[in-house]
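1. sequence plus predicted model, see below.
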Amino acid sequence: MKKVIILPLLLVGIELMADIKAGEKVYKENCAICHTINGGSALGPDLNIVSYTRHAQEIEAYAKDPYSLAEAFGYSANAMPTLPLEDKQFKDVADYISSLQPFKKWMIKKK
Ligand code: HEC
């Protein structure tokens, strides 16, 4: 009986890992020219820091439409372009960035 439960969980786990790998590729090819990971601010903020303060959903939403969200994210202007990626690539890259920092500030912060 246990096997029946464990197998699907394992498959979900493997799939998530695959998405994170795909997301790393999306980052390297599309985001690394403006964002470092652990290298400090470049043109855009260090995505390791971003992963500490934002949900995966927020990262995905911003990557998809930075123009509309710049103000809500505290920027006075938007310099990040809207990249022509597929929905799955935005999700994968957000999962990858989100996976960088497992202990997130928003988990600790009391509302
Ligand atoms: C041409 C440079 C450039 C590229 C390419 C770029 N960004 Fe950005 N990004 C910026 C800048 C500049 C900001 C600061 C806000 C703004 O100008 O919109 C930003 C802000 C962000 C933020 C908001 C961070 C926060 O919490 O305040 C996220 C998330 C983000 N970028 C993700 C990505 C992802 C993911 C990619 C690749 C798919 C990417 N960016 C590609 C320049 C870039």
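-> Good, I have the coordinates. Numbers count the residues shown, from 1 in each chain.
2. SS state for Phe73?
-> With DSSP: H, G, I helix; E, B strand; the rest coil as the basis, Phe73 sits in coil.
3. name the single longest helix found in this structure.
-> Longest among the helix segments of the chain by residue count, using DSSP state H, is helix 2-30.
4. check which residues of the next helix or strand after that one are buried.
-> Once helix 2-30 ends, the next helix or strand along the chain (criterion: DSSP states H and E) is helix 47-53. Of the residues in helix 47-53, those buried under the neighbour-count criterion (16 or more other Cβ atoms under 10 Å) are 47-52. Any C-beta I mention is one placed from the backbone N, CA and C, and that applies to glycine too.
5. give me the contacts around whichever helix or strand comes after helix 47-53.
-> With elements assigned by DSSP H and E, the helix or strand that comes after helix 47-53 is helix 56-64. Here helix 56-64 makes contact (Cβ atoms under 8 Å, 6 or more residues apart in numbering) with 31, 50-51, 54, 69, 73, 80, 82-83, 85, 87, 90-91, 93-95, 97-98.
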